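Q: predicted coordinates and the sequence they were generated for:
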Amino acid sequence: MSDPGPVTAESHQSSTGPRIPATAAGPAPTPAARRTSLLVTLILGGLTAVPPLSMDMYLPALPAVTRSLHSPAATVQLTLTTCLAGMALGQMVVGPMSDKWGRRRPLLIGMVVYVLATALCALSTNAEFLIGARLIQGLAGAAGIVIARAVVRDMYDGVAMARFFSTLMLISGVAPVVAPLIGGQILRITDWRGVFVVLTVIGVLLTLVVWRKLHETLPPERRHAGGLGAALQTMRGLITDRVFAGYLLVSAFAFAALFAYISASPFVIQEIYGASAQTYSLLFGVNSIGLVLLGQINGKVLVGRVSLDKVLGVGLGLITVAAAALLLMSTGVFGHVGLAPMAAGLFVLMASMGLVMPSTNTQALLRTSHAAGSASALLGTSTFLMGAVASPLVGIAGERTAVPMAVVQGSCALLALACFLGLCRPWQRREESTEDGTTGEGNRL
């Protein structure tokens with residue numbers, strides 16, 4: 001793939017605040033878009049929290065679902081896989097729709113369908129019905145993920161966008177901290193169906209807040225008029241940009257390593273090490289706090305002082321080291337290890353995502369101001385599809401070994417590093433910008 005430079009229609013970008021596009025990009029965003037209130041920040045954080053809420057609150061219940069529906073662990077893990085696949089495919093539809101029709105309408109439709117599908121999950125009587133309901137839940141929930149990123153791109157550029165993504169990580173990061181804890185407590189008073197009842201209520205409340213308080217951030221003058229063919233052509237242009245494709249693949253493989261942990265850890269912690277659902281929820285919450293803390297260090301301390309690519313490289317290195325340690329421990333190289341060393345390795349792996357995810361999203365979206373919805377869809381689809389592939393692989397050898405989880409994590413970490421070095425080539429872009437006297441946003445960061 002070639003590197004045609006940033007895919008953008010703008011002649012100037014602001015690195016300190018909401019984006020003020022050049023004339024070529026169309027009129028400036030609406031006043032509502034420029035005034036990013038605390039409430040709008042919380043709404044976008046809530047939308048990005050939909051995936052961890054849908055996944056993580058359900059995780060402590062996986063063994064209980066296996067027993068209740070009389071299904072093997074691999075089949076029950078498909079309820080995670082189908083939800084991820086739905087979120088991936090849904091983003092490919094909703095992203096271009098939001099570029100054409102604006103952000104609000106596709107978002108509200110998606111949230112309503114999400115609520116209905118989540119209610120159906122609570123009524124499931126067999127694994128097949130639950131798998132189907134989770135697929136619909138994922139398809140509809142994709143609207144919140146892809147449009148939240150597009151709204152951020154509508155409003156911000158450069159350093160400000162990187163910081164806002166880190167802020168979103170703080171808000172949405174609360175979800176994986178509290179979701180397993182809530183799920184574990186729900187299981188103390190009811191069965192796994194109660195988890196989906198709570199998710200349904202959360203979906204209803206979030207839909208009402210979006211309807212009343214989230215204003216449109218993409219004016220009609222900046223929307224795309226083309227149909228399916230134009231959307232596909234736009235996506236083709238994005239994918240053939242070597243650097244954008246590099247960040248997209250880095251994000252996808254890193255997320256796959258994370259989801260290998262998410263889907264396998266309930267069985268590793270509870271079945272192999274004998275921990276309770278509440279203990280598992282506590283460990284998962286601690287790991288999520290680590291992710292949030294590193295994300296905030298990234299956004300509040302490192303952004304604007306250290307290159308995003310340097311931060312990304314350190315994050316990928318930490319993930320690779322953690323995955324290698326987990327593989328050595330799970331194969332018995334160090335002899336029988338207890339829960340504490342395994343939990344420490346998982347903590348490093350998950351916390352390092354706080355350095356990786358905001359950096360990859362920012363660097364990729366900086367190149368795609370003219371098609372933020374489509375770019376956000378490609379980013380989201382690739383990550384969720386890769387996660388959907390990783391989910392069943394971690395359970396391929398049964399519930400009594402952590403080796404498949406560690407193998408998947410290590411492989412994905414190495415692939416992410418290879419894409420970063422082979423496609424993104426940050427050192428090459430810095431040299432090119434120095435030679436021609438220019439300083440792009442991505443290089444300056």
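A: Thanks, I have the structure now.
Q: tell me the buried residues in whichever strand or helix holds residue 203?
A: Using DSSP states H and E, residue 203 falls within helix 193-213. Within helix 193-213, the residues that qualify as buried by neighbour count (16 or more other CB atoms under 10 Å) are 194-200, 202-204, 206-207, 209-210. The way it works is simple: take the backbone N, C-alpha and C, and place the C-beta from them, glycine included.
Q: contact partners of that helix?
A: 39-40, 43, 46-47, 50, 53-54, 57-58, 61, 104, 107-108, 111-112, 114-115, 118-119, 121-124, 144, 182-183, 186-187 (CB atoms under 8 Å, 6 or more residues apart in numbering).
Q: just to revisit the earlier point, reformat the buried residues of helix 193-213 into JSON lines and put pLDDT and distance to residue 299 next to each item.
A: Listed next are the buried residues of helix 193-213 as JSON lines, based on pLDDT from 0 to 100; distance: CB to CB, whole Å:
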{"residue": "194", "pLDDT": "90", "distance to residue 299": "35"}
{"residue": "195", "pLDDT": "90", "distance to residue 299": "31"}
{"residue": "196", "pLDDT": "92", "distance to residue 299": "33"}
{"residue": "197", "pLDDT": "92", "distance to residue 299": "35"}
{"residue": "198", "pLDDT": "90", "distance to residue 299": "30"}
{"residue": "199", "pLDDT": "92", "distance to residue 299": "28"}
{"residue": "200", "pLDDT": "94", "distance to residue 299": "32"}
{"residue": "202", "pLDDT": "91", "distance to residue 299": "26"}
{"residue": "203", "pLDDT": "93", "distance to residue 299": "28"}
{"residue": "204", "pLDDT": "95", "distance to residue 299": "31"}
{"residue": "206", "pLDDT": "92", "distance to residue 299": "24"}
{"residue": "207", "pLDDT": "94", "distance to residue 299": "28"}
{"residue": "209", "pLDDT": "92", "distance to residue 299": "24"}
{"residue": "210", "pLDDT": "91", "distance to residue 299": "24"}
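Q: may I ask which two of those residues are separated the most?
A: Checking the buried residues of helix 193-213 against each other with CB to CB, the farthest-apart pair comes out as 194 and 210, at 24.8 Å.
Q: quick check: next helix or strand after the helix holding residue 203?
A: Downstream of helix 193-213, the first helix or strand assigned by DSSP H and E is helix 228-239.
Q: relative to helix 228-239, how tilted is whatever helix or strand comes next after that following helix?
A: Later in the chain than helix 228-239, the nearest helix or strand by DSSP H and E is helix 242-267. Angle between the axes of helix 242-267 and helix 228-239 is 90 degrees (criterion: axes from the mean of the first three to the mean of the last three CA atoms, to 10 degrees).
Q: how far is helix 242-267 from where the chain is centred?
A: Relative to the centre of its chain, helix 242-267 is centred 9 Å away, using CA atoms, centre = their mean, to the nearest Å.
Q: mind listing what's buried in that helix?
A: Taking 16+ other CB under 10 Å as the basis for neighbour counts, the residues of helix 242-267 that come out buried are 243-267.
Q: not counting sequence-adjacent ones, nearest residue to residue 253?
A: residue 416 (3.8 Å; CB to CB, 6 or more residues apart in numbering).
Q: buried residues of the helix or strand hosting residue 344, list them for me.
A: Applying DSSP H and E as the criterion places residue 344 in helix 339-351. Of all the residues in helix 339-351, those buried under the rule 16+ other CB under 10 Å are 342-343, 345-351.
Q: what about residue 96, how many residues close to it?
A: The burial count assigned to residue 96 is 25, neighbours taken as other CB atoms under 10 Å.
Q: contacts only, for it.
A: If a contact means CB under 8 Å, 6+ apart, then residue 96 has 224, 231, 234-235, 373-374, 377 as its contacts.
Q: change it to 7 Å
A: When contacts are counted by CB atoms under 7 Å, 6 or more residues apart in numbering, residue 96 touches 231, 373-374, 377.
Q: buried subset of those residues?
A: Here the buried ones among the contacts of residue 96, as counted with 16+ other CB under 10 Å, turn out to be 231, 373-374, 377.
Q: so of the contacts of helix 193-213, which ones are in helices?
A: 39-40, 43, 46-47, 50, 53-54, 104, 107-108, 111-112, 114-115, 118-119, 121-122, 144, 182-183, 186-187 (DSSP state H).
Q: only the buried subset of these, as a PyMOL command please.
A: Restricted to the buried members of these, where burial is judged by 16+ other CB under 10 Å, the PyMOL selection command reads as follows:
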select buried, resi 40+43+46+47+50+53+54+104+107+108+111+112+114+115+118+119+121+122+144+182+183+186+187
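Q: thinking again about what came up before, what's the helix or strand for the residue nearest to residue 253?
A: Under the criterion DSSP H and E, the helix or strand holding residue 416 is helix 403-419.
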